[in-house]
Each structure stands twice: as structure tokens, then as C-alpha cells.
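quick one, structure for this:
(chains A and B)
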Protein chains: 2
Amino acid sequence: MQPAQHQTRLIALDWGTSSLRAYRLGAHGQTLELRALPCGVMQLPEAEAGDKSGFEAAFEQACGDWLRAAPDTPVIAAGMVGSRQGWHEAPYLAVPIAVDSIGASLSTLRNRQGQLIHIVPGLIENAMLPNVMRGEETQVVGVLRALAGNDRSDELGHDVLIGLPGTHSKWVQIRRSGAQSQVAHFDTFMTGEVYAALCGHTILGRSMQASGGDADAGQLAFERGALVAQTAAGKAGVLSTIFSTRTLGLTGILDGASQREYLSGLLIGHEIAALKTMLRDQGRHPSQVMLVGESGLCERYTRVMRTYGFGPVEMVAHATERGLWQLALTAGLLQHA
Amino acid sequence: MQPAQHQTRLIALDWGTSSLRAYRLGAHGQTLELRALPCGVMQLPEAEAGDKSGFEAAFEQACGDWLRAAPDTPVIAAGMVGSRQGWHEAPYLAVPIAVDSIGASLSTLRNRQGQLIHIVPGLIENAMLPNVMRGEETQVVGVLRALAGNDRSDELGHDVLIGLPGTHSKWVQIRRSGAQSQVAHFDTFMTGEVYAALCGHTILGRSMQASGGDADAGQLAFERGALVAQTAAGKAGVLSTIFSTRTLGLTGILDGASQREYLSGLLIGHEIAALKTMLRDQGRHPSQVMLVGESGLCERYTRVMRTYGFGPVEMVAHATERGLWQLALTAGLLQHA
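So this is what the prediction gives:
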């Protein structure tokens, strides 16, 4: 028999558009095993009879053996798996919302083996321009768990800003009052996806080189780009300033490799400059900024945020699995633990 | 023998990236014949021996017979044909610049038949974010010729704003002093190309329908999008507001066809809002706005400019051939006319 701390207590799935990550978690929420499969909601394995679009097959690949070895283990899943195009729709919860309500609102489905699967709902903000997230709410819960675990709740002020840079960056404002946390507001920036579309499908990409540039030159180009949004010329906005990627190449100032870095800095700079303006207009002064995401990208954002006068920025690792564990706890799935 | 007014006086080529338009112009600059060929600088016919990348063959297709019928006719060409990737580089002229100087600065090349071809230079503005144009300078000259021809120079104030919406929109500020006009400043917005990249290569395009929507619904969606940039939410900038194209679809407010119109309005709205801010910051108040371009697109811009409080907007047709004629005149190519 396995020692208690190695027993499976929760199977946690981070099931997005392009990938599926399965975590086997132990008694304290620690990761005992991790699998990464290319079985996102939009690229599932071929469906067999009785399977809806390949979800059953992907689930079996991800954790079928884990469940056979520990049949009573609860299963929780977050991400696009709960969207309308997913396995089972978990309706959006409306922001503002108490963070604890998320874990209390899981949807459930039974797969054809009869296994109960708990699905985390996404969040929606019904503003003039509505905003949605799916998967990031779980990372937010994970960040707050990490903060609580640090036992630093008191030294932190009431407002926390959580940034989740990526294909679509999310910036989530958390209002804290005692032990309670509330998702107060969030914004989305399509920076990563716009960057890829500009590099791959516009004239800006034609003179770029993928790599091979001098690292220092690349860093300088990134910083040059990051500054643009705060200059007078930056007021023209992204649709205009991006053209300088090309003209700084034409005029011999940026080589092909540097143009790519410059555009990256320019777009992130516009994002952070806009974020700063909005926070100011809303009268918010987050006392702490937490970033979750790929570490290289988080570093880029940290550099730009420093440029734009943000205070200390901290990176949080393992936010997804921490969030899934916390949500399962709140939902009462781990009460026998 | 042809009557004098039907004799060829100028062969004028508008030679861009993807297409080549050849005009046979008569004694008063009127178009006697027009040919549109898919022989842009980036898609030339296959090169024969002695030809540089197919330019000779394209030129022959465009106007070889016209020149054989009227061998002494001068030839002028504008657009990407004069770029570094073109047939013969015509170096950029630096803005600010007197409009008459453009025609006085043509570059020349001889093709293998010995035919002299005059090439119009582009313009560059060496600002912190440099800006360039090639081809649009000719349309600007054409607009100013149309204005002069209207004999309304006096009723117009000193500042004219010329807009050239398209893949890359240009906004050109003209300062007028007596009979002299100066290109004072210009801006570029990659609105058209960004729109195409977003529709074709990001998640925003996935739920769009190309057409088939209700025309009134489409118009309302366009106007809804155009207003975004002037709202509080619009301060988040294009990278953020574009995501509402998707969320307004998810929440059932915009159908697939309307999403396309909404995004078009949203991007043009951001462009015009930024233009307005910049003009205000520069203390410029153009007394007249002229638009050159595809008429449907010019109408979209006109509607948005009205929304953003611009004065009367006038569309100018045939700006390219008028500009080529005027430049040939200034260059002395038509002195025997």
C-alpha cells in the first residue's frame, strides 16, 4: 500500500482549447503526477461509438488508469471543456462575485463509465462591452490560495491585481475584505493573438526574422517598443504605431530580428499603458500585482510594468492546480480527506 | 489622323504592390483608355532573358502598343514600382515639403527598348516613429489639382486634411499659403490590413459570417462599433475592445454577419478618434476634409467622421490619374502640349 501522502486525493483537469493537462494530486494538494496531452476541446481524438466528439477518449487517456487505481477519487475540470463547444456547458457566473461562490457553483456530468466530473464555471462581466473568461477564474483562485498560504493576507491591502498574460491577457481586480475576496472587475487584451496575426499575416512580418538576432539588440528593441505608448506619437493608438515596426526597418534602425522584439514591446506597452489609465480612472490603486503565465512572457510584462510605474510585481507558479484543489475543497469534494 | 483631343499626351502608370493600372491620357489630362493588370510589384509576369524580375514584360503588356502608336509620349509611374523592391528606386523626399517639389524630383530609368520612364518619389517623415508613403503622394497632388480646378482655393482655409482609407490609411495634412501647398505632416493607420488579419487569422473570425446578414442590422452593428472608441470602455484601446466582437456574439447581441460590421466600425472608430485627438493636440483645425479611395469604404469613413464631429467631408474621384498628369506637368514632360 502507498504511504498516505502518495495516495490520489483529486484528479484535476486543465482542459483548454488546444491542450489538456491532467494532475493527480495528493493529500495536501501536491502534484503526484502530471500529464500533458494535445487533446484540447478543438482537437480531440477521433470519436468512437457512444462518445460525444472524442471527449470520452481524451478523458480515458488523461486519467482512466488513475481512476481504476483509485475509483472513488473526485474529478474536477476547468477551462473550455465547460464552454458551449465543450463536453458539458457550465454557465458563466456574473461578476462581481465572491471568490468562494465559484467552488459552490460547479456543474456536473457523468461520463459513460458513470464517473462524476465536476466542471468549473467561467465568469462573465455584463458591461457595455461584455467580458468573459474560462480557466483563468481557476488560476485566480489559485493565486489567492497562494497568498493565503503565504500568511501575508494582512500585510496586503484590499485591492489585488492579477494579470494572466497570454494569447488573451486577462487583468482581474480582486477586492479583499477580511478573509473574503471578490472578483470586482476584469479586462481582456488580445495582445498575444494580435501579435501572432501581425507577424504571420501582415506586411510587418515580411521583413522580420524569427531569431538569430543579437540578444542585447533585441532587448533594446523591446524596450524601445514598450516606451511608444507613453509618447505623444503613441496617442495615435496601436493601429497607427505598429506601422513603425516597418518604417524603423526601412530606415535601417531595426534589423529583422529586432523588429519582432520591437513589436512585442510596443503591443505590451500599449496594453499596460491602457491598464494604467483605466485603473487611474476607476480610482483603483492595487497594493499588489500578481502575474500568472509562461515565465518568459511574465518577465516581459514585469519589465514593461516597471516602465509604466507599477509597484512590485510577483509571479505565481502552479496557479492552475492550486486553484483546482481549492475549488474542490470549497465544493466539498475533499471532505473525506 | 485622330482629332487632337484624342491624341495620346501622357502614359501614366499607377504601379502598386498587387496591381498595375495604366492610363492613356489626352490633351487635357482626360483618360482616353484605362487598363488594369494583375501585375503588381509583388506578382510580376515570369521574367524573360534581359528582364529584371518581369518588369519589362509587365510594362509591355500595360502600354507597349500605346508607345508604338505614339512613340514620343512621355511615361510617368507612381507607387511601389519606385521602392527598393521595385523596378528602380526613387528615394523618399522628406516631409515637410512643398507639393511642387515632388514633380521636380522624379527619378528616371530607361527600359531595354530605350524608353525613358519617370518615377515619382515617395515621401518620408523622419519623426520618432518614421512614416512613409508611396503612391499616395500622387493622389494628394491629384486632390490639390481638383481643388484648384474647382477654383475654390480662396474659400478654403489654410489647412486641408486628405484621407486615403485602404489597407493602410494615410491622413495627410496640407498647409496652404496663397497658391503654394505644403505637405506638413502625415499619419498611417494599418486599419484595413489589421481588419483582414483579425477576421482571417484570429478567434474573432470564427463566429463571423461573410455575408447574408440583414443590411439594417449590419448598419446598426457598424455604428455600434464606431461609437466604442469614444466611451469610457474605449480607453482600453483596440487590443482590448476588439474582444467585444466575440463577447457580443456569445451573449446573443450580434449575429455572425453583424460581428463583421461591428469590428469594421470599431476599428475605423478608433482610427478617427485618435486622428481627432492628434489634430487637437497639434492645434490643427482643417477647414476641409477630402477623402480618396474605394467609394464604399469612403462612405464608412464619412459616417464615422460625422459621428466624431468632423465638418463636411468630400470625396475626390480620379485622384491618381489627375495627380500623375499634374506631376508630369510640373516636371516639364508636357511642355510641348
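
going forward, measure contacts and count neighbours with C-alpha atoms only.
Fine.

and the helices in the stretch 151-300 of chain A, which stretches?
In order along the chain, the stretch 151-300 of chain A carries the following helices (DSSP state H, counting those that start in this stretch): A:191-201, A:203-206, A:215-227, A:238-241, A:244-250, A:256-281, A:295-307.

among those, which is nearest chain B?
With distances scored as C-alpha to the nearest C-alpha, the stretch of the helices of the stretch 151-300 of chain A nearest to chain B is helix A:238-241 (4.1 Å).

tell me the mean pLDDT over that closest one?
If you average the pLDDT over helix A:238-241, you get 98.

and the contacts of that helix?
A:228, A:233-234, A:266-267, A:270, B:129, B:187-191, B:194, B:237-239, B:271 (C-alpha atoms under 8 Å, 6 or more residues apart in numbering or on different chains).

what's the answer for stretch A:201-211, then?
A:198-199, A:243, A:245-246, A:249, A:255-260, B:193-194, B:197, B:201.

one more pass at 10 Å, please.
The set of residues external to stretch A:201-211 that reach it, using C-alpha atoms under 10 Å, 6 or more residues apart in numbering or on different chains, is A:195-200, A:218, A:242-247, A:249-250, A:254-261, A:263, B:190, B:193-194, B:196-198, B:200-201.

need the CA coordinates for it. PDB is fine.
Listed in PDB are the C-alpha atoms of stretch A:201-211, where the atom choice follows Å, rounded to 0.1, in the frame of the first residue of the first chain:
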ATOM      1  CA  HIS A 201      -0.400  37.700 -41.800                       C
ATOM      2  CA  THR A 202       0.500  41.300 -42.400                       C
ATOM      3  CA  ILE A 203       3.300  43.200 -44.100                       C
ATOM      4  CA  LEU A 204       5.000  43.700 -40.700                       C
ATOM      5  CA  GLY A 205       6.100  40.000 -40.700                       C
ATOM      6  CA  ARG A 206       7.700  40.100 -44.200                       C
ATOM      7  CA  SER A 207      10.900  41.900 -43.100                       C
ATOM      8  CA  MET A 208      11.100  40.100 -39.700                       C
ATOM      9  CA  GLN A 209      13.500  37.300 -38.800                       C
ATOM     10  CA  ALA A 210      12.300  34.600 -36.400                       C
ATOM     11  CA  SER A 211      15.500  34.500 -34.500                       C
END
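
in it, which residues are buried?
Within stretch A:201-211, the residues that qualify as buried by neighbour count (16 or more other C-alpha atoms under 10 Å in any protein chain shown) are A:201, A:204-205, A:207-208.

now those in TSV, with distance to A:Pro121 and pLDDT?
Output for these, formatted as TSV (distance: C-alpha to C-alpha, whole Å; pLDDT from 0 to 100):
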residue	distance to A:Pro121	pLDDT
A:His201	34	96
A:Leu204	38	96
A:Gly205	38	95
A:Ser207	43	89
A:Met208	40	92
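
tabulate those residues in JSON lines, adding columns for distance to B:Met133.
What follows is the buried residues of stretch A:201-211, written out as JSON lines (distance: C-alpha to C-alpha, whole Å):
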{"residue": "A:His201", "distance to B:Met133": "21"}
{"residue": "A:Leu204", "distance to B:Met133": "15"}
{"residue": "A:Gly205", "distance to B:Met133": "18"}
{"residue": "A:Ser207", "distance to B:Met133": "17"}
{"residue": "A:Met208", "distance to B:Met133": "20"}
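
which PyMOL command selects the buried ones in the contacts of stretch A:201-211?
If you want just the buried ones from these in PyMOL, going by 16+ other C-alpha under 10 Å, the selection is:
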select buried, (chain A and resi 195+196+197+198+199+218+242+243+244+245+246+247+249+250+254+255+256+257+258+259+260+261+263) or (chain B and resi 190+193+194+196+197+198+201)
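
so where's the stretch 51-200 of chain A shaky on pLDDT?
Within the stretch 51-200 of chain A, the segments meeting pLDDT under 70 span A:52, A:151-157.

all strands for it, in order.
Residue ranges of the strands in the stretch 51-200 of chain A, as given by DSSP state E, counting those that start in this stretch, are A:75-78, A:93-94, A:97-98, A:107-110, A:116-119, A:123-125, A:131-133, A:159-164, A:169-177, A:180-189.

packing partners for the fifth one?
Read that as strand A:116-119. Here strand A:116-119 touches strand A:10-15, strand A:75-78, strand A:107-110, going by 3 or more C-alpha pairs under 10 Å, 6 or more residues apart in numbering or on different chains; DSSP states H and E.
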